[in-house]
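A.B. asks: Sequence first, then the predicted structure, then my questions.
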Amino acid sequence: MAGTGGNVGARDIVRAGGRTGRRGRPRRVQRPSVETASNTEDEGSATGGNQNNNEGVFGSHEELMNWVQNLARSLGVVAVTKRSNKYPNGFVYKVVIMCDRGGKYKVKDSSKVSGTKKTDCPFELEGKYSIEYNSWTLTMICDEHNHPPVQHMEGHPYAKRLTDDEFSLVAELTRMNVAPRDILSILKERNLSNASTISTIYNARTKIRMSEQAGNSPMQVLMSILHSNGYVYEFTTTGSNELENLFFVHPISFDIWRAFPHVLIIDATYKTNSYNMPFVQIVGVTSTNKTFSIAFAFMQNEKIESYTWVLNCLKLTLDKCMHPRVILTDRELALVNACKEVFPNATQLLCRWHISRNIFKNCRQSIRSKFSSHLQHFEGDMDYSMMKNWDLCDLQFDSKGVRVLPPVGLRAGGFFPIPGDNLKTLEGSVRLD
């Protein structure tokens, strides 16, 4: 260590030089010898440099920067470009390198008080390109740091950056649908000094996606994906060539759907995309009671015509196959009527989860008041026992009331009359006609 207060000196950064240089007295920086380089985890070979060349001469700007950054990182500091000079054709002929903690924080006009890692570190190197020798030389301007080296590089944004090769690998693995955590593991296995975090991978994936979508709207990107990945899809457009309806099925889902066409579960959501188009998801059930996604659709509206178009597209995929026997939906009347029109022989059932939600929403207060009298000799309260486990309860209802059979382990339960003002709501929640 050179200087005072545990500062990192020039010989700690470059492992060479003998004397301690100071600002105003620049000197040539030499590469480490073969013996020294082998003791510093082969920094020269890692950057493609020639270890037999002990002078501070580099073949390119990239080679110089890689050598400095890798060596600095192994010693607990991060070297970054302070400024560079270029010829009119864009060729860089001079670069000034500084510590990432150099400079001063520029105070912004804000009431927010924020910290900074800047310590005005004076460390500085200078690289110049020689036209005569077609090479780069590295010169020390100031060799002192005013801060101790760090133990972990994960806290430095610059150290977390991906190299060009690593970025290309992330793009390739992303196209192969590899999970971000697995991508990070692969990068760290290939490069033990990699300081990237999971957020680095997510940011890289976002950058890749934005570059692929450049100049295209989200809907254009979706149509391109459907075409390039072999989806079965149909769409309609308006007179102004705007998307009206879109139906698509994944190739694998298409094969499973044709093998198990007996049961359909259909539900629609809205306000789930920037276009506010209703989104329909169609799910099937296998012979082992496992659900799988069949098809998806974007619709212009939730009217019978739109649902009929979606179901007709679904019906066309069942060429020479059995039509569904059971269709499960919520009480969306337009969807119910469309199902009757397209699949008239199918039995229609209402989703039990939606029934439970409707009873819970519209009859909760009534059930609460009736149920409270039964809790005097039971442990616990109603919200914890029955209401919290409402989805697990077995409901038996008629025009006069609801019988709630609680799940195993809960002793509360009973029959609860429904007030007249809630009876019509309940009947509408559980009846198709």
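C.D. replies: Good, I have the coordinates.
A.B. asks: can you pull the pLDDT of residue 223?
C.D. replies: In this prediction, residue 223 carries a pLDDT score of 84.
A.B. asks: can you confirm it is in a strand?
C.D. replies: No - Residue 223: not assigned to a strand; according to DSSP: H, G, I helix; E, B strand; the rest coil it is helix.
A.B. asks: Would you mind confirming that residue 154 makes contact with residue 160?
C.D. replies: Yes - counting by C-beta atoms under 8 Å, residue 154 does reach residue 160; the two are 6.8 Å apart. Backbone N, C-alpha and C define where each C-beta goes, glycine included.
A.B. asks: So residue 81 sits against residue 96, correct?
C.D. replies: Yes - if you go by C-beta under 8 Å, residue 81 and residue 96 touch, sitting 7.3 Å apart.
A.B. asks: where does residue 58 land on pLDDT?
C.D. replies: Reported pLDDT for residue 58: 89.
A.B. asks: partners of it in the sheet?
C.D. replies: residue 136 (DSSP bridges).
A.B. asks: How about the contacts made by it?
C.D. replies: Residue 58 makes contact with 49, 64, 67, 127, 135-138 under the criterion C-beta atoms under 8 Å, 6 or more residues apart in numbering.
A.B. asks: got those residues as JSON lines, with distance to residue 276, pLDDT and neighbour count columns?
C.D. replies: Shown next, in JSON lines, are the contacts of residue 58 (distance: C-beta to C-beta, whole Å; pLDDT from 0 to 100; neighbours: other C-beta atoms under 10 Å):
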{"residue": "49", "distance to residue 276": "58", "pLDDT": "40", "neighbour count": "21"}
{"residue": "64", "distance to residue 276": "54", "pLDDT": "90", "neighbour count": "25"}
{"residue": "67", "distance to residue 276": "55", "pLDDT": "89", "neighbour count": "24"}
{"residue": "127", "distance to residue 276": "55", "pLDDT": "92", "neighbour count": "23"}
{"residue": "135", "distance to residue 276": "61", "pLDDT": "91", "neighbour count": "18"}
{"residue": "136", "distance to residue 276": "57", "pLDDT": "92", "neighbour count": "23"}
{"residue": "137", "distance to residue 276": "62", "pLDDT": "91", "neighbour count": "17"}
{"residue": "138", "distance to residue 276": "59", "pLDDT": "90", "neighbour count": "22"}
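A.B. asks: Need those residues in CSV (columns: distance to residue 226).
C.D. replies: Shown next, in CSV, are the contacts of residue 58 (distance: C-beta to C-beta, whole Å):
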residue, distance to residue 226
49, 49
64, 47
67, 48
127, 50
135, 53
136, 50
137, 55
138, 53
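A.B. asks: tell me which of the residues you listed is nearest to residue 76?
C.D. replies: residue 67 (16.9 Å; C-beta to C-beta).
A.B. asks: Pull up the gap between that closest one and residue 193, please.
C.D. replies: Look at residue 67 and residue 193: by C-beta to C-beta, to the nearest Å, they are 14 Å apart.
A.B. asks: Confirm that residue 127 lies within a helix, as I assumed.
C.D. replies: No - secondary structure of residue 127 (three-state DSSP): strand, not part of a helix.
A.B. asks: Would you confirm that it contacts residue 62?
C.D. replies: No - checked against C-beta under 8 Å, the pair residue 127 and residue 62 is beyond contact range at 11.1 Å.
A.B. asks: Next, count neighbours for residue 123.
C.D. replies: Counted with other C-beta atoms under 10 Å, the neighbours of residue 123 add up to 27.
A.B. asks: buried sites along stretch 226-244?
C.D. replies: Within stretch 226-244, the residues scored as buried using 16 or more other C-beta atoms under 10 Å are 226, 231-235, 243-244.
A.B. asks: what's in contact with that stretch?
C.D. replies: Taking C-beta under 8 Å, 6+ apart as the rule, stretch 226-244 contacts 219, 223, 225, 245-251, 254, 298, 300, 309, 313, 316-317.
A.B. asks: Wait, residue 282 touches residue 294, no?
C.D. replies: Yes - with contact defined as C-beta under 8 Å, residue 282 counts as touching residue 294 (4.6 Å).
A.B. asks: Give the residues shared as contacts by the two.
C.D. replies: Counting by C-beta under 8 Å, 6+ apart, the residues touching both residue 282 and residue 294 are 264, 314.
A.B. asks: Give the buried subset of the contacts of stretch 226-244 as a ChimeraX selection command.
C.D. replies: Applying 16+ other C-beta under 10 Å to the contacts of stretch 226-244, the buried members can be selected in ChimeraX as follows:
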select :219,223,245,246,247,248,249,250,298,300,309,313,317
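A.B. asks: among the contacts of stretch 226-244, which are in strands?
C.D. replies: 245-249, 298 (DSSP state E).
A.B. asks: Could you list the low-pLDDT ranges of the stretch 301-433 of the chain?
C.D. replies: 363-433 (pLDDT under 70).
A.B. asks: Go again with 50.
C.D. replies: The stretch 301-433 of the chain contains residues with pLDDT under 50 at 374-392, 399-400, 404-433.
A.B. asks: For the residue nearest to residue 195 when sequence neighbours are not counted, which residues are in contact?
C.D. replies: Excluding the flanking residues, the one nearest residue 195 by C-beta to C-beta, 6 or more residues apart in numbering is residue 153, at 3.9 Å. Residues in contact with residue 153, defined by C-beta under 8 Å, 6+ apart, are 73, 78, 159-160, 193, 195.
A.B. asks: next one: residue 312
C.D. replies: residue 342 are the contacts of residue 312 under C-beta under 8 Å, 6+ apart.
A.B. asks: repeat for residue 103
C.D. replies: Contacts of residue 103 (C-beta under 8 Å, 6+ apart): 118, 120-121.
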